[in-house]
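Colleague: Just to be clear, the model below is a prediction. Sequence and coordinates:
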Amino acid sequence: MRHRVSGRKFNRVRATREAFIKSLERALIEHRQILTTEARAKTLRQSVEKLITMAKGDVSVMNKNRLLSRRHDAATIKRLKLLATDYAKRSGGYTKIIKTAPRRGDGTAMAVIKMI
């Protein structure tokens, strides 16, 4: 049983799961809205909100290095900084998850996650 164990594994090993979440983060930052499964959207919300809060910090080398250490490229960080200026006065809740109809093939719960 998984009592009090946080996070979702998505039936992947750690390195694959991290790369998978990173690609979802990049897609959401670039397109501002993506359609994915509900479980993926909930996991993505946690990581993207942390990234935006990090990007809202002061413009210093340390802060930029912290974002780069999350293995993102310079173009994604530049978009993230633009998003952070949009959310300068907001103290959280940068994303919104909207549940949609189940996927036709296997009935998986789907959701749209978008930047507010």
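Modeller: Nice, thanks for sending it over.
Colleague: so who does the residue nearest the centre of the chain touch?
Modeller: Residue closest to the average C-alpha location in the chain (CA atoms, centre = their mean): residue 48, at 3.2 Å. If a contact means CB atoms under 8 Å, 6 or more residues apart in numbering, then residue 48 has 25, 28-29, 94-95 as its contacts. Every residue, glycine included, has its C-beta placed from N, CA and C.
Colleague: For the host helix or strand of residue 41, which residues meet the burial criterion?
Modeller: Secondary structure from DSSP states H and E places residue 41 in helix 38-55. Neighbour-count burial for helix 38-55 flags 38, 40-41, 43-45, 47-48, 51-52, 55 (criterion: 16 or more other CB atoms under 10 Å).
Colleague: Go through the helices and strands of this structure and name the one with the lowest mean pLDDT.
Modeller: None of the helices or strands of the chain scores lower by mean pLDDT, DSSP states H and E than helix 61-69, at a mean of 82.
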